[in-house]
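**Q** build me a structure from this.
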Amino acid sequence: MTQITVISVGTLKEDYLKEGVLEYKKRLSQFARVDEINIKEERIHNESDTAEIASALMREGEKILSAIPKDSYRIALCIEGRQFSSEELAKKLLDACDTRGRITLIIGSSHGMSQAVKDACELKLSFSKMTFPHQLMRVMLFEALYRSFAINANKSYHK
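**A** Numbers count the residues shown, from 1 in each chain. Just a heads-up that it's a prediction; the model follows:
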């Protein structure tokens, strides 16, 4: 069975988001083992200080890199990443599962992700050109993972 690890910076605060993640994790569990690793978001005192933000992203990046399971196929969720249809993502994940058996997906903080993390990943994935709330992205990711695995298992899904 495939091992999926989702590394996220920050914690979910809203109950409805937590419930959404739990629901899709439950659905996904028929296809894969799922682990979540939450990294504490670095505190930034001056939101307009680009050097302080870069330093925080670097520290978060070091924690992310140390948490990535060995030999996993690494996917960074970032705005400059490649966009896929549901079927294309399902195929990409199937290929990664066949090759490595382990997939790690990484969601950075509300300020983004360090370049070092992006460079360590085989795939940079973007869900849209639009911006979504950081916490909502977790629910969207788990839904997309469930949908991809359902497609690969030839199960019906909402189009």
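**Q** for the protein, what's the longest strand?
**A** With secondary structure taken from DSSP state E, the chain has its longest strand at strand 73-82.
**Q** so what pLDDT did residue 49 get?
**A** You'll see residue 49 listed with a pLDDT of 94.
**Q** residue ranges for the helices of this protein, please.
**A** Residue ranges of the helices in the chain, as given by DSSP state H, are 15-28, 50-67, 86-99, 115-119, 134-152.
**Q** which residues touch the residue nearest to residue 25 when sequence neighbours are not counted?
**A** Excluding its sequence neighbours, the residue lying closest to residue 25 (C-beta to C-beta, 6 or more residues apart in numbering) is residue 34, at 5.3 Å. Quick note: C-beta positions are derived from backbone N, CA and C, even for glycine. Applying C-beta atoms under 8 Å, 6 or more residues apart in numbering to residue 34 gives the contacts 4, 5, 6, 25, 28.
**Q** can I get those in JSON lines with distance to residue 148, pLDDT and neighbour count?
**A** Converted to JSON lines, those look like this (distance: C-beta to C-beta, whole Å; pLDDT from 0 to 100; neighbours: other C-beta atoms under 10 Å):
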{"residue": "4", "distance to residue 148": "10", "pLDDT": "98", "neighbour count": "24"}
{"residue": "5", "distance to residue 148": "16", "pLDDT": "98", "neighbour count": "19"}
{"residue": "6", "distance to residue 148": "13", "pLDDT": "98", "neighbour count": "22"}
{"residue": "25", "distance to residue 148": "14", "pLDDT": "97", "neighbour count": "18"}
{"residue": "28", "distance to residue 148": "9", "pLDDT": "97", "neighbour count": "21"}
